[in-house]
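In: Sequence first, then the predicted structure, then my questions.
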Amino acid sequence: MTRTVKLVTLGLLVILLFGLSLGCGKVWVPLDAWFSSDPRWWIILELRLPRAVLGLALGAALGLSGAVLQGYLRNPLADPAVVGVSSVAALAAVAAIVFGLGSGPAIFAAAMLGAGGAVALLAALTWRSPSAITFILAGTVLSSLAGAMTAFLISIAPNPYAVAEVIDWIMGALTDRGWDDVTLALPPMVVGAVLLLLTGRSLDALALGEAAARSLGIRMGRVRLLVVLGTGLVVGAGVAVTGVIGFVGLVVPHLLRPIFGHRPSALLLPSALGGAALVLAADSLVRLAPGAGEVRLGVAMAMIGAPFFLGLLVRERGRAWI
């Protein structure tokens, strides 16, 4: 099967899951109710369509950023959480909730400011070093510090309602997201995705090692700037509107690497499509959970991601015994 056929198949899967995301939920909306005067059509237009658009964009952004980071750091366990941007964005949003600075746009603005601050700190901590190792270390420091500060803010929250709101937000969800959220999040996600897609050739050269990449004319500072800015925009916007949703950037490149090959640039577009498919499928499933409420998308992704890596671990152990 050629690469084009594989991409078309993956694209069709995304379209199918997008349609499923519009139709399924606590109330099923059959196809004959679409584009009609049926009142259930308004459920799609006002509730499910913006949610599906946001899920598609979020999944594509997280899948793409995961593939770029794994190629840039030459580490198959790298994902957006490694660089600390999502943790710092979450910290800023939690601070806005705990101190009662507002809701909706205020939380979005706080999270984007947090993501911007994380990007600036990453650049300041690593701009003199040409090695990707310092990038990982700086990201680990930011992530750990932001996690500790988030726990501290929760512990000093003024009332249990603020704690409940923070915990609910941190778990990550697309529930009740509307066109306002799409309008806020989509522009930075698109700009960030374009920046990340520009790194393809450099990532291929980096697969040969940093010294070989420099000898081929790759400017490491430019690559790092594209990776940091692109990741900051897509992850910051994603965290700002949905909370923390992990594992997408980690799982999707692993799933697609055996199909599309190990060349980093060849994995970027498939990872974006795969991430969109995974988030759309997971978001459809969380709505079908028994009971009146929904399972949080961040919880569902963790329930998918952890068994996936357990299976990977068991497979690698099996190979070691052969």
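Out: Ah, there it is.
In: how about low-confidence regions in the stretch 51-200 of the chain?
Out: 102, 126-133 (pLDDT under 70).
In: again, only using 50
Out: Nowhere does the stretch 51-200 of the chain drop to pLDDT under 50.
In: Contacts only, for Ile107.
Out: 93, 96-97, 101, 169, 240 (Cβ atoms under 8 Å, 6 or more residues apart in numbering). For the C-beta atoms, the positions are set from N, CA and C on the backbone; glycine is no exception.
In: Dump these to a markdown table, plus neighbour count, secondary structure and distance to Trp34.
Out: Formatted as a markdown table, these follow (neighbours: other Cβ atoms under 10 Å; DSSP: H, G, I helix; E, B strand; the rest coil; distance: Cβ to Cβ, whole Å):
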| residue | neighbour count | secondary structure | distance to Trp34 |
| --- | --- | --- | --- |
| Ala93 | 30 | helix | 35 |
| Ala96 | 22 | helix | 38 |
| Ile97 | 23 | helix | 37 |
| Leu101 | 13 | coil | 40 |
| Trp169 | 23 | helix | 32 |
| Ala240 | 26 | helix | 31 |
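In: of all those, which comes closest to Gly305?
Out: Among the contacts of Ile107, Trp169 lies closest to Gly305 (Cβ to Cβ), at 19.9 Å.
In: which one is that closest one nearest to, not counting chain neighbours?
Out: Nearest non-adjacent residue to Trp169, counting by Cβ to Cβ, 6 or more residues apart in numbering: Gly243, 4.8 Å away.
In: now swap in Arg214 and tell me
Out: With Cβ to Cβ, 6+ apart, the residue lying closest to Arg214 is Met220, at 6.7 Å.
In: Pull the number of nearby residues for the one you found.
Out: 17 (other Cβ atoms under 10 Å).
In: again with Val14
Out: If you count neighbours by other Cβ under 10 Å, Val14 ends up with 21.
In: Where does it sit, in terms of helix or strand?
Out: For Val14, the element it lies in under DSSP states H and E is helix 3-23.
In: Other residues contacting that helix?
Out: So helix 3-23 is contacted by 29-31, 34, 44, 48-49, 51-52, 55-56, 259-260, 266, 269-270, 273-274, 276-277, 280-281, 283-284 (Cβ under 8 Å, 6+ apart).
In: May I see the buried residues of it?
Out: 10, 13-14, 17-18, 21-23 (16 or more other Cβ atoms under 10 Å).
In: any idea which helix or strand comes after it?
Out: helix 40-43.
In: Show me where this structure has its helices.
Out: 3-23, 40-43, 49-73, 85-98, 105-126, 132-155, 160-170, 179-197, 200-206, 210-215, 220-242, 248-260, 268-287, 297-321 (DSSP state H).
In: Format those as CSV; extra columns: distance to Asp79.
Out: Below are those laid out as CSV (distance: least, Cβ to Cβ, whole Å):
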stretch, distance to Asp79
helix 3-23, 20
helix 40-43, 34
helix 49-73, 5
helix 85-98, 9
helix 105-126, 15
helix 132-155, 10
helix 160-170, 17
helix 179-197, 13
helix 200-206, 15
helix 210-215, 21
helix 220-242, 10
helix 248-260, 4
helix 268-287, 11
helix 297-321, 10
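In: Distance of Gly178 relative to Val53?
Out: From Gly178 across to Val53, the span is 10 Å (Cβ to Cβ, to the nearest Å).
In: Same drill for these two, tell me which one is more crowded.
Out: Val53 (18 against 14).
In: For the more buried one, give me its contacts.
Out: So Val53 contacts 182, 186 (Cβ under 8 Å, 6+ apart).
In: got it, and Phe309?
Out: Phe309 neighbours (Cβ under 8 Å, 6+ apart): 250-251.
In: What score does it have for pLDDT?
Out: Looking at Phe309, its pLDDT reads 72.
In: So it versus Leu273, what's the distance?
Out: Taken as Cβ to Cβ, the span from Phe309 to Leu273 is 22 Å.
In: thinking again about what came up before, I'd like the average pLDDT over the helix holding Val14.
Out: Rounded mean pLDDT across helix 3-23 is 92.
In: Please name the nearest non-neighbouring residue to the spatially most central residue of the chain.
Out: In the chain, the C-alpha nearest the mean C-alpha coordinate belongs to Leu62, at 2.9 Å (Cα atoms, centre = their mean). Spatial nearest neighbour of Leu62, excluding adjacent residues (Cβ to Cβ, 6+ apart): Val248 at 3.9 Å.
In: need the contact list for the one you found.
Out: Contact partners of Val248, counting by Cβ under 8 Å, 6+ apart, are 59, 62-63, 66, 79, 275, 278-279, 301.
In: I'd like those residues as a markdown table, with distance to Thr4 appended.
Out: Putting the contacts of Val248 into a markdown table (distance: Cβ to Cβ, whole Å) gives the following:
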| residue | distance to Thr4 |
| --- | --- |
| Gly59 | 22 |
| Leu62 | 24 |
| Gly63 | 19 |
| Gly66 | 23 |
| Asp79 | 28 |
| Gly275 | 20 |
| Leu278 | 22 |
| Val279 | 24 |
| Met301 | 30 |
